[in-house]
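> sequence isn't available, so here's the structure alone:
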């Protein structure tokens, strides 16, 4: 039974298949073509927008929410493409003026539609019968699907942007579409709103003789687009290219060839390059909401109306494509830093900087052919700017970013920083030009040293800033050595000219010394002085040459013995008593001496001492050996200021921690070295364990130290010896060591210059600058270690850093430009900047050169009523050079500017019950029908018209 029932079901299924069999062998190719269109449309209808998105619908770049799907069809040996365009999240409404629309959305006011076109070079149907046949096929297929989608076919020449179309609107109406364009020689009548109105009325009016005498209730919406004229900078692109080609010339870019004022003349980067204005202009869109017009006279009045009468103003900035790092070729700090990183990569190939200049170096011919060095006059001009006399080191600390010192480079405004910044533009920053520039730079430094001329842009006093790069430390120390060397030379010259007065000067100095045991003749008394005190070695009141002073230090043993003989009556080099402290033996006041400053040391000198300590251990005596000269000088000065002092007195003043009080004294009231000690004398105490050990090195130095005041001692810093060491370092510096410090300094200086830009209160920009400094400090820290084993990775990280720097530099220039244009309206500038910031945000911080932002920046900002005046003032009246470009032929002028684009939508509604559109269907009487719609778009030289007509079939 089971098998028989199954056999019956099989027979029944076969009968049903035979019953519904479609014999396509009898269908024509036309019918099969319609059937294929119908099947595709049914599938799209069944899927719906959400499922079509999942299946890979393509997003249109020109819109935020328009997508399309595509299907290929074959008919009569031709291949056609059928595309379905649809929107998402539009709430069933056709988008308004403010949205970015598809071309056919605006032309015919449709929401979703089909376009069928041939797969050919032109993409249009040139044969009228073929176009009609295609449209009929799609119309039949859509009717079979019960779909209300409109369908369009592109026709005629592609430049005309012509379409024909059809839409089934249920069982009553059918809409037909047609669009065409006039590309030139637009009739004067159609340049004005009155003529366009009459053109629309002629489509449905019975009498065409005089439309101005008939009243038709035509609904109208209008959109006018204005564009600010560019400045008279027709040659700016050529100038910018010339700047790029002649960047190695280092000529003044603000010379006689560019007398007109540029937008960034007051920007901090203007000293080094001219930045292209990132804001090329603005488009202002003025829209009128729907209004009813009954005659052509009203259209004439509307044409003469001011744009200020429009209901809405929308501002759209036109930004330079160079703001996007992946699309532009912008010249700025970032582009030159990229070249400097390339030079760093090449610098590891040789050991000496001269090898890049020498003709005997292998591969030098390739360097010469590809890397051009500017001529000698240009080099002389740059060096003259670097070593301009009279320049003092400026104080840029107030303008520096809080994180700037985290980058180990030279501070902004210093000599080495200016060298690095000039190198970015000298010879377009190739390694050969840098080598030539550095050699000449060091030669100029040596000339200043040999001639005892002060170095500009370098402080010649104060401590060495160890937070800067080593070259800057060396230059600062050299500046101090030059100053000391010059003073020595001046003293020698004065001594040669006044040998006869030397004895008199010495007697005068001795009289001043004897004038008071408790005071100094050349420094004010400091009763509360505690610890060492630095000062000049020789008082300014006396003109005492080294030859005269040598009487005290020519022979230290003789001076020591001579001082012992007169120690009871002579006190020299005292800056005053230290509170109420007394000497242990004589109970005289303990005086603090003037001492020499500790010898200056750069970072490499500190590291050398640190390595020595690590090698010999951190012993107390070894540390004293390293500081022997300084310690001996301080002891000598203390002996001269306190003739009756003993070693314990020096320790109580110099190192109070090494003087231990007895327990009974420790339990009493606390002592204060500056305010006084206990009345009980002599104080009960002893040296610490390390100071009282046998063979203590400090005591040995104390015993050997002569009694010499600070001005009688040999200087701790020998300027001649240290100066020659510094010059040797600069002349033998390895290329990679030079370039590493140049890269750090150039990044830091470029960021500090950009950080001085005035762009108003834009929090996003401030945050981005903070992030840039942290990123630079992290990436550039790798240059402080040995790169011999990890060069390629470091170079790649630096190139990524250049891309990040370029993003920030572009944002800075945009913020500065917007700030200058909208000083009075901060909301506008902040809104534009915020939108562009969010537009670039996905690619910012990635640092990849090959990351391309596929979208175009498109922003439209709704203006408030109180903001219109500022925007209106940007449309300055055209100059004589600009007025010839376009003859005014359209109305609605804004400060002498006619709209670059005028879009008007005319619509006509009819009640189905009161016209020939009436139907027996009761639902047709419930609302008005848009029977005619005409969209016009164009200017005086271009006009496009799209017409949609609804008819009763």
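Okay, I see it. Quick caveat, the model's predicted, so the values are computed rather than measured. Numbering: from 1, shown residues only.
> what's the spacing between stretch 816-827 and its chain's center?
18 Å (Cα atoms, centre = their mean, to the nearest Å).
> can you give me the helices in the stretch 701-850 of the chain?
719-731, 735-755, 763-780, 791-821, 826-840 (DSSP state H, counting those that start in this stretch).
> tilt between the longest one and helix 735-755?
Between the direction of helix 791-821 and that of helix 735-755, the angle (axes from the mean of the first three to the mean of the last three Cα atoms, to 10 degrees) works out to 20 degrees.
> shift numbering so it begins at 561
Happy to do that; since the first residue is 561 now, the last one works out to helix 1351-1381.
> counting by contacts, list what helix 1351-1381 packs against.
strand 839-853, helix 893-907, helix 1295-1315, helix 1323-1340, helix 1386-1400 (3 or more Cβ pairs under 8 Å, 6 or more residues apart in numbering; DSSP states H and E). Heads up, the C-betas are built off the backbone N, CA and C, glycines and all.
> which helix or which strand is home to residue 1504?
Secondary structure from DSSP states H and E places residue 1504 in strand 1502-1512.
> got the contact list for the most centrally placed residue in the chain?
With distances taken as Cα atoms, centre = their mean, residue 1369 lies nearest the centre of the chain, 1.8 Å away. Residue 1369 makes contacts with 892-894, 1314, as judged by Cβ atoms under 8 Å, 6 or more residues apart in numbering.
> and if we set it to 10 Å?
Residue 1369 is in contact with 829, 835, 883, 885, 890, 892-895, 897, 1310-1311, 1314, 1317, 1332, counting by Cβ atoms under 10 Å, 6 or more residues apart in numbering.
> who does the strand holding residue 1504 pair up with?
strand 733-742 (antiparallel), strand 1488-1499 (antiparallel) (DSSP bridges).
> still on that earlier bit, distance of the residue nearest to the centre of the chain from residue 1403?
As defined by Cβ to Cβ, to the nearest Å, residue 1369 lies at a distance of 14 Å from residue 1403.
> what's the burial count for residue 996?
As a burial measure, residue 996 scores 21 neighbours (other Cβ atoms under 10 Å).
> where does the residue lying closest to it once chain neighbours are set aside sit: helix, strand or coil?
Using Cβ to Cβ, 6 or more residues apart in numbering and skipping residues adjacent in sequence, the residue nearest residue 996 is residue 933, 5.1 Å away. Put simply, residue 933 is coil when judged by DSSP: H, G, I helix; E, B strand; the rest coil.
> I'd say residue 933 and residue 917 touch.
Yes: the pair residue 933 / residue 917 is scored as a contact, 8.4 Å apart, by Cβ atoms under 10 Å.
> got any residues that touch both of those two?
Shared contacts of residue 933 and residue 917, counting by Cβ under 10 Å, 6+ apart, come down to 927, 992-993, 995-996.
> pLDDT-wise, what's the bottom of those?
pLDDT across these is at its lowest for residue 927, which sits at 60.
> got the helices of the stretch 1261-1410 of the chain as TSV, with distance to residue 688 columns?
TSV is the format used below for these (distance: least, Cβ to Cβ, whole Å):
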stretch	distance to residue 688
helix 1279-1291	83
helix 1295-1315	62
helix 1323-1340	57
helix 1351-1381	51
helix 1386-1400	45
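> what's the closest of the ones you listed to residue 646?
Closest to residue 646 of those is helix 1386-1400 (Cβ to Cβ; 25.6 Å).
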